[in-house]
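K.L.:
Provided below are the primary sequence and the corresponding predicted coordinates.
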Amino acid sequence: MVSKGPLLRLLTAINRRRMKLLMGLAFVAYVACEYGLFFSFLANRSLQENGDQKVESRIEEVSLVIYFVIYFVLRTPFHSFHIEGMYLITGGAGFVGSHLTDKLMMDGHEVTVVDNFFTGRKRNVEHWIGHENFELINHDVVEPLYIEVDQIYHLASPASPPNYMYNPIKTLKTNTIGTLNMLGLAKRVGARLLLASTSEVYGDPEVHPQNEDYWGHVNPIGPRACYDEGKRVAETMCYAYMKQEGVEVRVARIFNTFGPRMHMNDGRVVSNFILQALQGEPLTVYGPGTQTRAFQYVSDLVNGLVALMNSNVSSPVNLGNPEEHTILEFAQLIKKLVGSGSEIQFLSEAQDDPQKRKPDIRKAKLLLGWEPVVPLEEGLNKAIHYFRKELEYQANNQYIPKPKPARMKKGRTRHN
Ligand SMILES: O=c1ccn([C@@H]2O[C@H](COP(=O)(O)OP(=O)(O)O[C@H]3OC[C@@H](O)[C@H](O)[C@H]3O)[C@@H](O)[C@H]2O)c(=O)[nH]1
């Protein structure tokens, strides 16, 4: 995250209500200035009558300077922070969603996070609970939602293969009914919606690297279909709403992403390998490890999502880091960075596992001026540090509080 100077930090701390008050004051000051200008105009006339041209122009200059100082000092900073924005993040308590929440909150927006905590965790956003600009709603997007928002970041969906395969029907409902509900909301309130789509829409690609014009190679009845096809139809829905209802949509095709706040049981390769290396367990490579992936650090992705949301690009855009590695190379790199003596264990290949994946990000570079900036090793070291702390946290928090016993009242059991 970009570090801010003291003035910027002060401005981001200004909440909507205080900002309204300041804008009110600015308006009063503005009216006073206009009033002043009117009087200066009258004064000018009398001065003109007295023939004193010098004093006349001085009064005019001073009035204009006061007006512009008030206008720029009070108005411009708020505009550059978009403080008037009310943002909804579905899946905002998840791995990517919580980092996006941090960014939007730090930028001074009002953020509503909606999560059903299927894979998201309250811990990821608990540092914002109690902040006036923040709201956390326990809600499943499969049910309609009625709130006022300007922008919707629609991230809700399990994203790790073991998670989305665990309950494929739920994954399908989230990506289909959930997306329809969010597009319906966007239509009702005139909000712009950004869909977190995925590189998985390309399936096991026959084109390499993958650009946005590639239609993909997906097995519609395979184990990954609930997610791959779910996201593909979610994209279809976005463009149907755009064409038929005029809803403003943005579609980010997100490639493999990693970083702090990935769940310990996420099951994706980065968290698996790091946790295995930290605990001295074998690193489990599925298949021969020749399949490739390209990994981006989460802060790069978040910057890309915000850039895309605020751009005028409505067609899909790949967001990913094009640095490609085989999974075996990746296992060796993590072992080295952790300083682990773990072995590498080869397990059977996962069904329909994409064999090559690497984003073509020329479109994002050209149209958004975006590209990843965090080097792989730097990002991995941050993730390793996070998982080390998580293991310590887990070791120190073995106490599980017992539920309160049910109380008896008038012969009936009462549950608190
Ligand atoms: O322990 C493991 C886990 C995974 N892998 C392999 O590592 C590669 C990457 O697997 P991951 O589960 O991390 O992620 P995948 O690339 O399969 O899917 C991901 O794609 C992009 C995103 O939108 C999603 O986050 C996710 O679906 C696969 O080839 C997988 O078979 C291992 O070798 N060992």
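P.N.:
Yes, it's here.
K.L.:
Next up, phi/psi of residue 137, please.
P.N.:
For residue 137, the backbone dihedrals are phi -120, psi 130 (criterion: degrees, to the nearest 10).
K.L.:
what ranges do the helices span in this structure?
P.N.:
Ranges of helices within the chain are 6-12, 16-50, 53-81, 95-106, 161-166, 168-189, 225-245, 269-278, 298-309, 327-338, 362-363, 376-396, based on DSSP state H.
K.L.:
weakest of the ones you listed by average pLDDT?
P.N.:
The stretch with the lowest mean pLDDT among those is helix 6-12, at a mean of 47.
K.L.:
quick one, what contacts residue 253?
P.N.:
Contact analysis of residue 253 by CB atoms under 8 Å, 6 or more residues apart in numbering lists 197-199, 201-202, 212, 316-320, 359. All C-beta atoms are positioned from the backbone trio N, CA, C, and that covers glycine.
K.L.:
repeat that for 7 Å
P.N.:
Shown in contact with residue 253 (CB atoms under 7 Å, 6 or more residues apart in numbering): 197-199, 201, 212, 316-319.
K.L.:
Repeat that for residue 182.
P.N.:
By CB under 7 Å, 6+ apart, the neighbours of residue 182 are 90, 141, 152, 154, 193.
K.L.:
Show me the two of these that sit farthest apart.
P.N.:
Greatest spatial distance in the contacts of residue 182: 141 and 193, 11.8 Å, computed using CB to CB.
K.L.:
Tell me which residue lies nearest the centroid of this protein.
P.N.:
residue 100 (3.2 Å; CA atoms, centre = their mean).
K.L.:
if we can go back for a sec, go through the contacts of residue 253 and single out the one with the most neighbours.
P.N.:
Using other CB atoms under 10 Å as the neighbour criterion, residue 319 leads the contacts of residue 253 with 29 neighbours.
K.L.:
Report the separation between that one and the ligand.
P.N.:
Distance of residue 319 to the ligand, computed by CB to the nearest ligand atom, to the nearest Å: 10 Å.
K.L.:
again with residue 359
P.N.:
Computed as CB to the nearest ligand atom, the residue 359 to the ligand distance reads 10 Å.
K.L.:
Likewise for residue 384?
P.N.:
16 Å.
K.L.:
so what's that residue up against?
P.N.:
Going by CB under 7 Å, 6+ apart, residue 384 touches 274, 337-338.
K.L.:
Tell me what the closest residue to residue 89 other than its chain neighbours is bridged to.
P.N.:
Nearest residue to residue 89, sequence neighbours excluded (CB to CB, 6 or more residues apart in numbering): residue 153, at 4.6 Å. Beta-bridge pairing of residue 153 under DSSP bridges involves residue 89, residue 194.
K.L.:
from what I can see residue 153 touches residue 85, true?
P.N.:
No: Residue 153 lies out of contact with residue 85 (CB atoms under 7 Å); the separation is 11.4 Å.
K.L.:
Please name the bridge partners of whatever residue of the stretch 51-200 of the chain ends up closest to the ligand.
P.N.:
Proximity of the stretch 51-200 of the chain to the ligand (CB to the nearest ligand atom) peaks at residue 198, 3.5 Å away. Following DSSP bridges, residue 198 is listed with bridge partners residue 254.
K.L.:
thinking it is in contact with residue 254, fair?
P.N.:
Yes: here residue 198 reaches residue 254: they are 5.5 Å apart, a contact under CB under 7 Å.
K.L.:
And the residue nearest to the centre of the chain, how far from residue 128?
P.N.:
12 Å (CB to CB, to the nearest Å).
K.L.:
ok, now residue 109?
P.N.:
12 Å.
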